[in-house]
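J.: next one to model:
(one chain, ligands or ions: 2)
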Amino acid sequence: MIRIRFHGRGGHGIKTASRIVGTAAFLAGYQVQDSPIYGAERRGAPVTAFTRMDTRPILERGIITEPDLIICGDETLLESPATGVLSGVESASAVFINTSNLEALKTKIKIDAPTVALDVTQRTLDHIGKASALSVGLGAAAVRLSGLISIEPLREAVRTELEELGLDVKMIEKNLRLAEEVFEGLEKVTMQQGKPSAKQAIHEMDYDHVLLGTPSILAPGNAEARQTGSWRVERPEIDYEHCTRCGLCFVGCPDGAIALDEQGYPVIDYDHCKGCLICLEQCPRHSIVSKKEVRSW
Ligand code: SF4
Ligand code: SF4
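T.: Ligands and ions are numbered 1, 2, ... in the order given. Have a look, this model is predicted:
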């Protein structure tokens, strides 16, 4: 069995990435299982998804604690051990990280497994113009690295999953080109053979009381302490020459990350702006543009 664990952020296509891999594996003749797990339903919050594939029926259920392949869609998740991206990394044949600068990242974070990197965000931006739509790029990376599936089932899976999401033909074609570029830009990894199956096939989940399970929703006052600026893959920037001070972005920001200055101009608090780009859609003057966020490790 090959076990793949995806990590990313809500709204960045992590669940769809795991579905694309599951569908591609199914079309290639494997038994498959894919499932996501969310914390708070909040755009930008950490999300995990799992795909299993095997030639035999899959009886294992639940979260994957001993992954063969870890796909990390957002390098900033590695800054916090609590996100669990590197949990069970010792069993992994490879860790894939969506980053433009793996060498710099490795000076800060130790990864106990062979590591592969590609700037999927930039490729996604180049092909489809939206840096946060990472599902196809990450799915293609996982398919390629697993070494079990050729490009044709991947193409078919991308088409199937995106049609189901209601994307038009033109957008699906762009995504297919993105999938091909990512697939061809990576070398497959030899998965460790003969590894024993997960020690614990069925996981008992600990259930916290709701007050512990959703502290960010039920305990007011901690939003300021939680600096969600690191969640951003796209950065909204205001063009003050064309801003009419209508204040719609200020009202629309779900995180209260926009304030108005003394003249009524909006000012973005980048420590808390999570990059959802709702403000960009709110602006009637198109005075807010998005730029790819650049990390300096
Ligand atoms: S400032 Fe814009 S991009 Fe940032 S959190 Fe608010 S609405 Fe989202
Ligand atoms: S919505 Fe646009 S025009 Fe209105 S205040 Fe915000 S940036 Fe300015």
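J.: contacts, neighbours, all on C-alpha from now
T.: Noted.
J.: quick check, Ile20 in a helix?
T.: Yes - counting by DSSP: H, G, I helix; E, B strand; the rest coil, Ile20 is found in a helix.
J.: so Leu138 makes contact with Ile70?
T.: No - with contact defined as Cα atoms under 8 Å, Leu138 does not count as touching Ile70 (10.8 Å).
J.: between these two, which is the more surrounded one?
T.: More crowded of Leu138 and Ile70, by other Cα atoms under 10 Å: Leu138, with 33 against 27.
J.: output the contacting helices and strands for whatever helix or strand that one lives in.
T.: Per DSSP states H and E: Leu138 is located in helix 135-146. Packed against helix 135-146, as judged by 3 or more Cα pairs under 8 Å, 6 or more residues apart in numbering; DSSP states H and E, are the following elements: helix 14-27, strand 69-72, helix 120-128, helix 151-164, helix 169-184.
J.: hmm, who's touching that helix?
T.: 2, 4, 12-18, 20-21, 24, 69, 71, 73, 96, 120, 123-124, 149-150, 154, 158, 175, 178-180, 182-183, 186-191 (Cα atoms under 8 Å, 6 or more residues apart in numbering).
J.: just the buried ones from the residues you listed?
T.: Taking 16 or more other Cα atoms under 10 Å as the criterion, what is buried in the contacts of helix 135-146 is 2, 4, 12-18, 20-21, 24, 69, 71, 73, 96, 120, 123-124, 149, 154, 158, 175, 178-180, 182-183, 186, 188-189, 191.
J.: for the protein, what spans make up the strands?
T.: 2-9, 31-38, 46-54, 69-72, 94-98, 115-118, 234-238, 258-260, 266-268, 288-292 (DSSP state E).
J.: just give me the neighbour total for the closest residue to Leu186 other than its chain neighbours.
T.: Of all residues not flanking Leu186 in the chain, Arg144 sits nearest, at 6.7 Å (Cα to Cα, 6 or more residues apart in numbering). Using other Cα under 10 Å, Arg144 is surrounded by 25 other residues.
J.: can you name the residue of the stretch 51-200 of the chain nearest ligand 1?
T.: At 11.9 Å from ligand 1, Ser132 is the closest residue in the stretch 51-200 of the chain, using Cα to the nearest ligand atom.
J.: phi, psi for that residue please.
T.: In terms of degrees, to the nearest 10, the main-chain angles of Ser132 are phi -90, psi 0.
J.: ok, and the closest non-adjacent residue to it?
T.: Nearest to Ser132 is His12, by Cα to Cα, 6+ apart, at 5.0 Å.
J.: mind listing what that neighbour touches?
T.: Contact analysis of His12 by Cα under 8 Å, 6+ apart lists 44, 132-135.
J.: what pLDDT is listed against it?
T.: Reported pLDDT at His12 in the predicted model: 91.
J.: and if you look at Lys195?
T.: Lys195 is assigned 56 on the pLDDT scale.
J.: from the chain's centre, how far out is the helix holding Leu138? Work that out for me.
T.: Put simply, helix 135-146 sits 12 Å off its chain's centre (Cα atoms, centre = their mean, to the nearest Å).
J.: how far off strand 46-54 does that helix point, in degrees?
T.: In terms of direction (axes from the mean of the first three to the mean of the last three Cα atoms, to 10 degrees), helix 135-146 departs from strand 46-54 by 40 degrees.
J.: could I get helix 135-146 in CSV with only the CA atoms?
T.: What follows is helix 135-146, C-alpha atoms only, in CSV (Å, rounded to 0.1, in the frame of the first residue of the first chain):
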residue,chain,number,x,y,z
SER,A,135,-5.1,21.2,-6.3
VAL,A,136,-3.9,20.1,-9.8
GLY,A,137,-0.3,21.0,-9.2
LEU,A,138,-0.1,19.2,-5.9
GLY,A,139,-2.1,16.2,-7.2
ALA,A,140,0.2,15.9,-10.3
ALA,A,141,3.3,16.1,-8.0
ALA,A,142,1.9,13.3,-5.8
VAL,A,143,1.0,11.1,-8.8
ARG,A,144,4.5,11.6,-10.3
LEU,A,145,6.4,11.0,-7.1
SER,A,146,4.4,7.8,-6.3
